[in-house]
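Enquirer: Predicted model and sequence follow; I will ask about them next.
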Amino acid sequence: MARKAERKEFTDIGLKNEAPADRGKRKYLWDSRVDGLGLRLTDKGVKAFVIMTRVKGEVWLKTLGNYPHMSLKEGRIQAGLLLSRIRAGEDPRSEEKAAGEEMKASAPPSIEVYTVRKAVAGYEKAHISRLKPRSQLEARRPLEKVLLARWPERSLSDVTKADIREVLAEIVEAGNPVAANRTLANLKAFFNWCLSEDRLIVNPCVGIREPGGSETSRDRILSDDEIRTLWPIMEETGYPFGCLAQFLLVTAQRRDEGSNMLWSEISGLDGENPVWTIPASKNKGGRLHEVPLSPLAVRLLKSLPRIALEFPEGGPPVLSDYVFTTTGKTAISGFSGGKERLDALTVKELAGIARKTGKAPAPLLRWTLHDMRRTAASGMARDDIPPHVVSRVLNHSPGKAEGITAVYNRHGYLREKRHALEGWASKLDSILRPEAATVVRLRA
């Protein structure tokens, strides 16, 4: 029972203005006029009158009705009637039990509910498992973080448009509008599949506009000063995330391709023409892609630790084949956490510069790992590398400018790509070591 100090006289104005409970919790208010009458509030703002009292020595909590559908006056009357019956020796709980048994006896045979969990499992088997690895991750992420995390045992048909809107709004409020758009797109695809399987009669995502707004193509390129600021911060972040960020800037490759890199894919690391060969199955273009490794890329790779998987007795350790890994058994993951560490160190570094110089440096604009790739491509273009060679370095599909000749042109451009990447690495060296800029670099 609530103590006197916790009670207050209920009024309609007060009840209507009462704030919801904290996220994931409930709270109770107790009326000072009717003993045991309370108002329960959920984190969604749902309000209901309850009564809490003792029946034959046991605490009993009963919901009377939702407010304001049940008025304050009616709630007090209902609570008063129940209290009078209990004082007269009646036990209202026996009536509830009898009503429940009667309902159970008259209920039709139970029908197995097609839950969200079952629907996701079916979609995984029929659709996601057939996608490329990267596409699988993108398609699976919202199903795990939204549907399975919130409503795994809910009937699929009970997931509403309001539920989806609420989730998307939370993602946008957390500062991830693009992620909200991606989540909506993947959820639409999932519910459309459920429609095709006759598990739904309406897609709850239909009619929901992109919560993050229309997206424009990003054009963020790191300046030379930003590269000079970030490079030592990446070094301080260390292996594996900071080292991966450096490697992506040097090689201009995609994040997922770099993070899934294997030592067995590298050839000639100690020779004159080292190459990283990305199998067709592991890159977005679905084509075998050869990435010449510049001297700077080689230095980075040789500085990386090798993670041991096993330590056989009397023999050398068995080393992991993953270049960037924390467990040795899988490739690096948790990119958002790694980026947060980089951002935190950046703030710390800029604060240190401000303390030393007495002048606050300009804040570093928001950047992503993909901006490393764009920065490298821009740097090669500024160095007069032909666009079709830059395109080959990035492993883009042959453009319209190449026309039908692209079908017959099987030249791998390995020599041209090496020239482009070594030139870009030399440019990075001059950015990071300005004194080296006085050295004239000869181009092939």
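Expert: In hand now; what should we look at?
Enquirer: Next, work out how far apart residue 232 and residue 184 are.
Expert: To residue 184, residue 232 is 39 Å away according to Cβ to Cβ, to the nearest Å. For the C-beta atoms, the positions are set from N, CA and C on the backbone; glycine is no exception.
Enquirer: the more surrounded of these two?
Expert: Legend: neighbour count by other Cβ atoms under 10 Å for residue 232 and residue 184, higher for residue 184 (22 against 13).
Enquirer: Help me confirm that that one is found in a helix?
Expert: Yes. Judged by DSSP: H, G, I helix; E, B strand; the rest coil, residue 184 forms part of a helix.
Enquirer: So it versus residue 276, what's the distance?
Expert: Between residue 184 and residue 276 the distance, using Cβ to Cβ, works out to 36 Å.
Enquirer: measure stretch 359-374 end to end?
Expert: The separation between the terminal residues of stretch 359-374, taken as Cα to Cα, to the nearest Å, is 31 Å.
Enquirer: And the average pLDDT for it is what?
Expert: Average pLDDT, stretch 359-374: 83.
Enquirer: tell me which residues in it are buried?
Expert: For stretch 359-374, the neighbour count (16 or more other Cβ atoms under 10 Å) marks 364, 367, 369, 371-374 as buried.
Enquirer: In helices, which of those residues fall?
Expert: Residues of the buried residues of stretch 359-374 located in helices (DSSP state H): 369, 371-374.
Enquirer: of those residues, closest to residue 302?
Expert: Lowest distance from residue 302 to those (Cβ to Cβ) belongs to residue 372, with 20.3 Å.
Enquirer: OK, contacts around that closest one?
Expert: By Cβ atoms under 8 Å, 6 or more residues apart in numbering, the contact set of residue 372 is 222, 245, 248-249, 252.
Enquirer: how about the residues you listed in JSON lines, adding neighbour count and secondary structure?
Expert: Listed next are those as JSON lines, based on neighbours: other Cβ atoms under 10 Å; DSSP: H, G, I helix; E, B strand; the rest coil:
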{"residue": "222", "neighbour count": "22", "secondary structure": "coil"}
{"residue": "245", "neighbour count": "24", "secondary structure": "helix"}
{"residue": "248", "neighbour count": "22", "secondary structure": "helix"}
{"residue": "249", "neighbour count": "26", "secondary structure": "helix"}
{"residue": "252", "neighbour count": "25", "secondary structure": "coil"}
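Enquirer: any chance of those residues in a markdown table, with pLDDT too?
Expert: Shown next, in a markdown table, are these (pLDDT from 0 to 100):
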| residue | pLDDT |
| --- | --- |
| 222 | 92 |
| 245 | 95 |
| 248 | 96 |
| 249 | 97 |
| 252 | 95 |
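Enquirer: Pull the contacting residues for the residue lying closest to residue 280 once chain neighbours are set aside.
Expert: Distances taken as Cβ to Cβ, 6 or more residues apart in numbering place residue 288 nearest to residue 280, at 4.9 Å, with adjacent residues excluded. The neighbours of residue 288, taking Cβ under 8 Å, 6+ apart as the test, are 277-280.
Enquirer: any idea which of these is the one closest to residue 39?
Expert: Of all these, residue 278 has the smallest distance to residue 39: 61.9 Å, by Cβ to Cβ.
Enquirer: gap between the closest one and residue 378?
Expert: Residue 278 is 22 Å from residue 378, by Cβ to Cβ.
Enquirer: who's more crowded, the two?
Expert: When neighbours are counted by other Cβ under 10 Å, residue 278 and residue 378 differ, and residue 278 comes out ahead with 23 against 16.
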